[in-house]
Structure formats: structure tokens, C-alpha cells
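Novice: Using only what follows, build the 3D model:
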Amino acid sequence: MTSRPAKGGGRWVSVGPGRLGRWVDGFAERHGPPTVTATDEAVLFQGADGATAECLVPFPPLTLSGGGPLARLVTHARRERRVGVLLVRLGGHAAGIFQGDELLSSKVGSRPVHGRNAAGGWSQQRFARRREKQVGRAHDAAAEVALRVLGPHLAELEAVILGGDRRAVDALRPDRRLAGVLALETGPFLTVPDPRLVVLAGTPAQFRAVRIRVTDPT
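Specialist: Model prediction:
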């Protein structure tokens, strides 16, 4: 479980599917029996003391069957979906297909990209041109890996999760070859370090978790 401040107040808590029921039980013990309301995208628990826990539904909409809102949310979160993941940072990229937590196939790569400041005796313009070419090659390499790993399986995927650096990912959006991949984009965006295999393999802990905005009693 992770926690961080929420913009506008409260805090965000990420809870794994296997711990969600126990977390809600703990919320009820601390704040009193909650009232529960549900939509396709969130389940809101409001404690007797005014505290709230807004659980965002991963891979919405919320499953319609399976009992009350909490039971439905737990069942929905625990389902093992087939999901594609594409991580891109400047100079590094990784793509993989997951079934639940299991990484079924993947490809990781990198391309050298120099920093923004010229070194040695190069002129600034010459340095900038060389860096621009390196950035372009890095973007092309990331797109090709996405197409190679995810492209043949788009019909099987329920969603594609993006992550890495937002600017690097946004630089790929104009590439028309990736239209099918990007059409399946679902949050959350994963902020991760250099996309090595171990980083890619650990992403289910983030994209399968339920994000909960907790506010304390006023």
C-alpha cells in the first residue's frame, strides 16, 4: 500500500486487490459504519464521523453483478485481465503483455541520447542537430517495439497502460502506426524510472491497485 497527498485535500492511497476488503473493514472500524454509493467509475464510503474514502474503479466501468458495491469492487479489481503496458523515457523503452500479474511477453530496449548541453569543441547548432536525430531514433525505436509486442494482440487486450515520462510518451502520439495501441489507453499513467525489465515486470502492483482518495472528518 502506498500513500501521497491529494491535490485539493486529503490523500491518495493505493491498495492491492487482495487487501481491498480488509482496508475497507479497517476504514469502517476507524470511522464508523459507512454509507456506500456507487457509480460506474467510483465507490464512495462515508464514515459515521464524516470521513470519506472514494475508491476509483480500475479499468471501469464497475462490474454490474456480484452483490453489493464493495463485493462488486473487490471482484472487479481481482479479475485477471490481459493488459498491454508501454513505458517510454528518453532513450529507453519497454513493452509487455500481462495476464493478471504474469508477464507473458516483452521487449526492452534503449537508444543513446546526449544531454542538452554541448560538450567539447562542438558548435551548439551541430550538437543540437545531432541530439535531435538521436531523439528521433529513440522515438522510432520505442514505437517499433510497441508495434512488435502489442500490435499483433490488440484484439486480445482489455487496455493499454502507458508510463515512463509524459513528454516522451506524448512525442509518440502523432505516430499514426500507434493509433490502435493508443485507442486502448487507460489510466493510471505510471511514473517509473528507466524502463528496464524488472521495472516493467513490477508494474501490475501499480495498474491493478485501487486508488482511494481519503479525506478525514472536518
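
Novice: domains for the chain, by residue range?
Specialist: For the chain, the domain assignment from automatic domain parsing gives the residue ranges 2-80+208-215, 82-206.

Novice: For those, which has the smallest mean pLDDT value?
Specialist: Out of these, the stretch the model trusts least by mean pLDDT is domain 82-206, with a mean of 87.

Novice: How far does it stretch from one end to the other?
Specialist: With Cα to Cα, to the nearest Å applied, domain 82-206 spans 15 Å between its terminal residues.

Novice: and that domain, how far out from the chain's middle?
Specialist: Per Cα atoms, centre = their mean, to the nearest Å, the displacement of domain 82-206 from the mean C-alpha position of its chain is 13 Å.

Novice: Make a markdown table out of the domains of the chain and add mean neighbour count.
Specialist: From N, CA and C alone the C-beta is placed, and that goes for glycine too. Formatted as a markdown table, those follow (neighbours: other Cβ atoms under 10 Å):
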| stretch | mean neighbour count |
| --- | --- |
| domain 2-80+208-215 | 16 |
| domain 82-206 | 17 |
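
Novice: how about the helices in this protein?
Specialist: Across the chain, reading from the start of the chain, the helices by DSSP state H fall at 20-31, 69-78, 124-149, 166-170, 179-182, 197-201, 204-207.

Novice: Output the contacting helices and strands for the fourth one.
Specialist: When you say that, I think you mean helix 166-170. In this structure, helix 166-170 makes packing contacts with strand 82-89, judged by 3 or more Cβ pairs under 8 Å, 6 or more residues apart in numbering; DSSP states H and E.
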